[in-house]
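Engineer: Turn this into a model:
(one chain, ligands or ions: 3)
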Amino acid sequence: MDKDKIIALLNEDLEGEHTAIIQYLTHAYAMGEGEMACEIEAIAREEMRHLDWLAETIVELGGTPSLERGKMRMDGESVADWMRNNVILEEDGMNLYREHIKLIDTPKIKRLLKRILSDEESHHGDFKHFVDKAQKEGAKDLRGVRQDRVAQILDWGIEHEYTVILQYLLHSYMTTNEDVKEEMQDQAINEMQHLGWLAEEMVDGRGTPRIDHTEVDQSTKTADMLRADIKVEKEVADGYDRAAKEIEDPDLKKLLLRIRDHEVYHTEVFSDLLKEEEE
Ligand SMILES: [Fe+2]
Ligand SMILES: [Fe+2]
Ligand SMILES: [Fe+2]
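Structural biologist: Ligands and ions are numbered 1, 2, ... in the order given. Take a look at the predicted model:
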């Protein structure tokens, strides 16, 4: 099979992982704290590792990892319904991986896909178990319809965090500078923390997190990537700073300032890397 065909198949798998990550995180956030939400988040983290492996393989083949997300199954009236949707999503994923394992003849890639498939089989069992557990324990959707200024600020933050997670991951895959790669991966993980904090805050305050992103910088030169990343970090550090001044709730204020400090740190780390890259 030619490279372009393999890249296209792996990108299809990658889009499936992206879908699963956001679908599962949305569920975990909506359920609030608790054992099942933690376990679902852990599954989302495994999907992130899959996404990483697939993206790295795509880049090794000379391709570009897709930023598209497939269609999420977000309907259902109860947590048990959501878990049924997750069972179906895992089944779709398993079928796709089985098909791609048959089609792709490169041993290393076949092996990787089999490795991922075994995780999906395990997730499939987990979600089947969660259907029962949700029914027994009466797990609830804690989201509400809050739409005030606080919700607006949280929405803005969530949208920003999701955007930079995708941006830094893409940059980490595409750069040839190993130091930049490592920092981008690290900071993407830090932005995932921010996303989680803001989404949980939103649900605590009876709002509903919308996990959507804006435009992702797709520069191909490392210096251009860093310039774009510094620009967004500066903007967002200012944004969190302004938001913290406006918010009265002391805990939320503290949270926004903590995130702001991280963003200032990111700006500085990226600025140092840009200096080195320009030398
Ligand atoms: Fe999975
Ligand atoms: Fe952030
Ligand atoms: Fe940041």
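
Engineer: any idea how far Thr26 lies from Met202?
Structural biologist: Applying C-beta to C-beta, to the nearest Å, the value for Thr26 to Met202 is 11 Å. Using the backbone N, CA and C atoms, a C-beta is placed for each residue, glycine as well.

Engineer: With neighbour numbers in mind, choose between those two.
Structural biologist: Taking neighbours as other C-beta atoms under 10 Å, Thr26 and Met202 compare with Met202 leading, 25 against 21.

Engineer: surely that one meets Ala151?
Structural biologist: Yes. Counting by C-beta atoms under 8 Å, Ala151 is a contact partner of Met202 at 6.7 Å.

Engineer: ok, for Leu257, nearest residue in space, not its chain neighbours?
Structural biologist: Ala244 (4.9 Å; C-beta to C-beta, 6 or more residues apart in numbering).

Engineer: wait, that neighbour sits on Lys253?
Structural biologist: Yes. Between Ala244 and Lys253 there is a contact at 5.1 Å, judged by C-beta under 8 Å.

Engineer: Comparing the two, which residue is more hemmed in?
Structural biologist: Set side by side, Ala244 and Lys253 show more neighbours around Ala244, with 18 against 15, by other C-beta under 10 Å.

Engineer: Backbone dihedrals for the more buried one, please?
Structural biologist: The phi/psi pair for Ala244 (degrees, to the nearest 10) reads phi -60, psi -40.

Engineer: distance of it from ligand 1?
Structural biologist: 37 Å (C-beta to the ion, to the nearest Å).

Engineer: In contact with that residue, which residues are there?
Structural biologist: Lys253, Leu256, Leu257, Arg260 (C-beta atoms under 8 Å, 6 or more residues apart in numbering).

Engineer: backbone phi and psi for the last one, please?
Structural biologist: Read it as Arg260. Note on Arg260: backbone dihedrals following degrees, to the nearest 10 are phi -50, psi -50.

Engineer: Look up the closest residue to it, ignoring the ones flanking it.
Structural biologist: Tyr240 (3.8 Å).

Engineer: number of nearby residues for the one you found?
Structural biologist: Per other C-beta under 10 Å, the neighbour tally for Tyr240 reads 25.

Engineer: where exactly do the helices run in the protein?
Structural biologist: 3-31, 35-60, 79-103, 107-137, 149-174, 178-204, 222-246, 250-278 (DSSP state H).

Engineer: Helix 79-103 and the longest one, what's the angle between them?
Structural biologist: This means helix 107-137. 170 degrees (axes from the mean of the first three to the mean of the last three C-alpha atoms, to 10 degrees).

Engineer: Check which helices and strands helix 107-137 is in contact with.
Structural biologist: Where contact means 3 or more C-beta pairs under 8 Å, 6 or more residues apart in numbering; DSSP states H and E, helix 107-137 is packed against helix 3-31, helix 35-60, helix 79-103.

Engineer: can you give me the mean pLDDT across the first one?
Structural biologist: Read it as helix 3-31. The average pLDDT for helix 3-31 rounds to 97.

Engineer: Just list what it packs against, helices and strands only.
Structural biologist: helix 35-60, helix 79-103, helix 107-137, helix 178-204.

Engineer: and the ones you listed as TSV, adding mean pLDDT?
Structural biologist: Listed next are the helices and strands packed on helix 3-31 as TSV, based on pLDDT from 0 to 100:
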stretch	mean pLDDT
helix 35-60	97
helix 79-103	98
helix 107-137	97
helix 178-204	97
